[in-house]
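> give me coordinates for this.
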Amino acid sequence: MNEKSFLKELGSRILVCDGAFGTQLRKKIPSYVTCLAACNIDSDYLYIVQDIHREYKVVGVDIIQTNTFGANAKRLEFHGLDEQVREINAAGVRLAREVAGEDVFVAGSVGPIETSPFSNEFSAEEVGSAFKEQMEVLVEGGIDLIMLETFSDSREVEIATQLALTYDLPVVVQIRGMPRGQLSDGTDICVFARQMENLGVAAVGINDRPPHEVAEILKRLAKIVNLPIIVQPDAGAPRMSQGKLLSEEYTVAPRLYGEYVNDFVKLGANIIGGCCGTTPEHIQQIKVITEGIPPTEREKQVFVFEDVPKSFKSEFDSNPIQQIFDEKDAIISVEMRAKTFTQFSAMILESKNLAKAKIDLFDVPDNAGATVNIGAIGTAFRLQQETSVPTIIHWTTRQRNLISTQSHLLEAWALGVEGILALSGDHPKVGRFETARIVADLKGSVQLIELITRLNANQLTNGTSIGGPCNFYIGAGFNIAEKLENQVKHLTQKVKNGAQFVYTQPVYTLDDIERTYEATKHLGVKVLYGIMPITTPRSIPFLRDNLGIYIPRSIVEQFSETSDAMSTCFGLEMINNFAYNLGQQNRVPIDGIYVIPPSNVNWKNKRKAVIDIIEAYRGQIVAE
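Presented below is the predicted three-dimensional model:
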């Protein structure tokens, strides 16, 4: 098989592609094997890879795709395998070619750098380099065509397509069609298809969506694209039973899948295969229905770009949190959290006393580590109701999936919470709920900031309108460390994505304040420095080792010389002195502080400790 024979066959008959590989492989390997592409080089599993290829060949497919969908360096890096890109991809081609023989085409499968709808983490150069490294190995291995699949970002798919076309092989491009026929960045799928046609690809189409959605998108594509069209729907969704995901049972059975295949044929599809959840039985339905049937001649119509709806504009009152950051020179924020209803009632009571101290903001953290606090949104809502002090919520990425994250943020906006400090969050390994799992829909705060920026532009992540924009004032966290280069690089990306202010982790020396100021001043955003008393020597390793808080050796040594009985008083005295020195110093300008109350005292004493810190910072004498 070769390029010319593939293009000849594509023009004369409907080609049958294989079905899902990942879900088929997952059925047959242990759950602790996380990297499916690495099975290509694992002697315990590589025979399973070939068995799946054989199962598809037996039912009569014309195209087998290599097990290399996630085998670019960026995705392999997550598994610690980025040095084995060549080995994994070469093995993927070899295993497929041995099964395909001379009568089945081998497509080199190339997936996106990542499956998230957020694409700004890597530069165009990094994306191009990762694709080039993978494609070179696939082509050297002897594939017949390059199959780009499950892309959702127009920038990324264009980079991948232009690279793929340099190898003088047929290139087939599949987008993960989104609801309403748009890519994740809002590009209409018809516009995308025409762009691919102009670039010179061999076929274009949709995969990884339910059959009914694929049929609706195909109706639109068939009328405006001259190219051959490929469709590879999934088999619906995995079934749920008593809270458990039945990964081997999907909602669209082979017989029902066959009914959709009839529709695909009538609409003019040229290549039909399957995606997640499909099996050899699903693909056999395609083979039976398409055997001996030439491609349907498609009706053509002039493609007219739809009018782009005007962006929603609303006259907002100024965001009160933004006003504070714009107008105040020495901002003071106080962190508020409660784990129990008793603590919550006491906190609300003391918040009124704190408001009298003329603080500017409250901020409410998300759950730290494996702990459970009363939720940040509800707490912020009550604080604003009771005190009229604008309140920021800390919001993290590791506790909620993409749906829940967006829903809760819309809830926050609806309740009048207008400031968000976007954070990655802690690993849930320390605390009473350490069996909880990390949710990885959002990789970190950079993507969360991008999501919030989209909400401010009246869009969910898939481009759906929310009926009017939010107006969140967006903040970012900054980690103090011995070396700040990587931290500054990360913060720069956050600001680029839309962060407008910064809260640092707790800081304990003027030297660290100065280092942070010099490293971040070019970003042009206000920085509030975390002020948190250390009240027991035992808390130092917890803060340092589990929460990643940088505590200078000089501070650790001072506490090592203090008895447990005196440590609380010593820690509070130390932080008050630091706050006083911070307020009086003239080494660097200070935009403000946010005070984190001591954790091991009741709210009445927390309030006193906070006010003492604030008075010290303002240069007032702290009452004994």
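> what about the stretch 101-250 of the chain, any weak spots by pLDDT?
Regions of the stretch 101-250 of the chain meeting the criterion pLDDT under 70 cover residues 115-121, 177-181, 184-185, 239-248.
> strands of that one, residue ranges please.
Here the stretch 101-250 of the chain has its strands, by DSSP state E, counting those that start in this stretch, at 105-110, 145-151, 171-175, 203-207, 229-232, 238-241, 244-250.
> relative to residue 583, which of these is closest?
Among those, strand 145-151 comes nearest to residue 583, with 52.8 Å by CB to CB. In this view, the C-beta of every residue, glycine as well, is placed from N, C-alpha and C.
> tell me which other helices or strands the closest one touches.
Where contact means 3 or more CB pairs under 8 Å, 6 or more residues apart in numbering; DSSP states H and E, strand 145-151 is packed against strand 63-65, strand 105-110, helix 124-141, helix 154-164, strand 171-175.
> just how off-centre is the fourth one within its chain?
Taking the mean of its C-alpha atoms, helix 154-164 sits 20 Å from the chain's own mean (CA atoms, centre = their mean, to the nearest Å).
> kindly reformat the helices and strands packed on strand 145-151 as TSV containing distance to residue 462 and mean neighbour count.
Below are the helices and strands packed on strand 145-151 laid out as TSV (distance: least, CB to CB, whole Å; neighbours: other CB atoms under 10 Å):
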stretch	distance to residue 462	mean neighbour count
strand 63-65	26	26
strand 105-110	23	28
helix 124-141	21	18
helix 154-164	14	20
strand 171-175	13	27
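> ok, residue 270 - contacts?
Residue 270 makes contacts with 10, 14, 15, 203, 228, 229, 230, 295, as judged by CB atoms under 8 Å, 6 or more residues apart in numbering.
> and the gap between the third one and residue 172?
Yep, that's residue 15 we're talking about. According to CB to CB, to the nearest Å, residue 15 stands 10 Å off from residue 172.
> okay, and the common contacts of the two?
Counting by CB under 8 Å, 6+ apart, the residues touching both residue 15 and residue 172 are residue 271.
> do a quick rundown of the strands in the stretch 451-600 of the chain.
Using DSSP E, counting those that start in this stretch, the strands of the stretch 451-600 of the chain run over residues 473-478, 501-506, 526-531, 592-595.
> okay, those strands, which one's buried deepest?
Mean neighbours per residue, mean count of other CB atoms under 10 Å, is largest over the strands of the stretch 451-600 of the chain for strand 473-478, with a mean of 26.
> show residues contacting it.
In contact with strand 473-478 (CB under 8 Å, 6+ apart) are residues 319, 321-322, 325, 392, 418-424, 445, 449, 452-453, 456, 487, 491, 494-495, 498-505, 516, 520, 527.
> could you give the angle of that strand to strand 501-506?
On the basis of axes from the mean of the first three to the mean of the last three CA atoms, to 10 degrees, strand 473-478 is oriented at 30 degrees to strand 501-506.
> just how off-centre is strand 473-478 within its chain?
Computed by CA atoms, centre = their mean, the chain-centroid distance of strand 473-478 equals 17 Å.
> likewise for stretch 473-482?
18 Å.
> in CSV, list the strands of the stretch 101-250 of the chain along with distance to residue 25.
Below are the strands of the stretch 101-250 of the chain laid out as CSV (distance: least, CB to CB, whole Å):
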stretch, distance to residue 25
strand 105-110, 13
strand 145-151, 16
strand 171-175, 20
strand 203-207, 17
strand 229-232, 17
strand 238-241, 15
strand 244-250, 11
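> among these, which is nearest residue 360?
Proximity to residue 360 (CB to CB) singles out strand 145-151 among these, at 45.2 Å.
> list the strands paired with that closest one, with their directions.
Its sheet considered, strand 145-151 pairs with strand 105-110 (parallel), strand 171-175 (parallel) by DSSP bridges.
> ok, residue 366 to residue 372 distance?
Applying CB to CB to residue 366 and residue 372 gives a distance of 11 Å.
> looking at the two, which is more packed in?
Comparing residue 366 with residue 372 by other CB atoms under 10 Å, the one with more neighbours is residue 366, at 21 against 12.
> show me what contacts the more buried one?
Contacts of residue 366 were listed using CB under 8 Å, 6+ apart, and they are 373, 376, 393, 394, 395, 396, 399, 423, 425.
> for residue 583, state which of those residues is nearest.
Among the contacts of residue 366, and counting by CB to CB, the member closest to residue 583 is residue 394, at 24.6 Å.
> is that closest one in a helix, a strand, or coil?
Three-state call for residue 394 (DSSP: H, G, I helix; E, B strand; the rest coil): strand.
> looking at the protein, which helix or strand is least sure?
Lowest on mean pLDDT, DSSP states H and E among the helices and strands of the chain sits strand 244-250, with a mean of 58.
> immediately after that strand, which helix or strand?
helix 254-267 (DSSP states H and E).
> which strands or helices does that following helix pack on?
When contacts are defined as 3+ CB pairs under 8 Å, 6+ apart, helix 254-267 packs onto helix 211-224, strand 271-272, helix 280-290.
> so which residues of the stretch 251-400 of the chain form strands?
Using DSSP E, counting those that start in this stretch, strands in the stretch 251-400 of the chain cover 271-272, 331-335, 361-364, 391-396.
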